[in-house]
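>>> attaching a predicted model along with its sequence, questions to come.
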Amino acid sequence: ASGSFRDPAEIGGYKTEVIEDRELINAFAAPGGYVYLTTALILSATSCAEIAGVMAHELGHVVARHGVKNVEEAVGVQVLAEMLLGDGIAGQALETVYAVLMNTTFSQEHEAESDDLGVQIAYEGGYNPYGLVDFFEKLLAMQGEGGGVPDFLSSHPATQDRVRDTTRLIQ
């Protein structure tokens, strides 16, 4: 289903790997069409639609080239910092500030776009698009039980906002 957004042949197809970790609930995408899921995420899901929703969200990152864009922007900032400030501590400070901003503000935009793409990909793949919403609600319940925000969500938009926005998109 993600092929309607980006031809998987451009990157040699999509590759999915499961990481053996029964504690960390996580999934992430990497440049080159890679999607990783932890066993904890799989075991915490109560339906295939939840897993499909999370995988579709991660494929949203791949088809939107978020990882590649982040690398391109980081390299651009590094080159600019070296040109303007030299190789010293000021250039390194600028790079550090930029890295922090990239991992908060800009990633929230990418997450929202991937939520939207993920809903469409899951739906076109024949899965209930509410699977992603259900998984978000599961994360909210974990937070409510004193589990706090999982590390991988710290730079993401607030989960309750994602539930609202994704539900509106589906409707």
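Received it, and whenever you're ready, just let me know what you need.

>>> how about the nearest residue to residue 44 once chain neighbours are set aside, secondary structure?
Distance criterion CB to CB, 6 or more residues apart in numbering; nearest residue to residue 44, sequence neighbours excluded, is residue 25 at 5.5 Å. Yep, even glycine has a C-beta here, placed from its N, CA and C like the rest. Three-state secondary structure (criterion: DSSP: H, G, I helix; E, B strand; the rest coil) places residue 25 in coil.

>>> do you know how far residue 25 is from residue 54?
From residue 25 across to residue 54, the span is 10 Å (CB to CB, to the nearest Å).

>>> shared neighbours, the two?
Taking CB atoms under 8 Å, 6 or more residues apart in numbering as the contact rule, the neighbours common to residue 25 and residue 54 are residue 41.

>>> and for residue 26, the neighbour number?
By other CB atoms under 10 Å, 17 other residues sit near residue 26.

>>> now the one 10 residues further on
A count of neighbours around residue 36, defined by other CB under 10 Å, yields 16.

>>> close enough to count as contact, residue 113 and residue 60?
Yes: with contact defined as CB atoms under 8 Å, residue 113 counts as touching residue 60 (6.7 Å).
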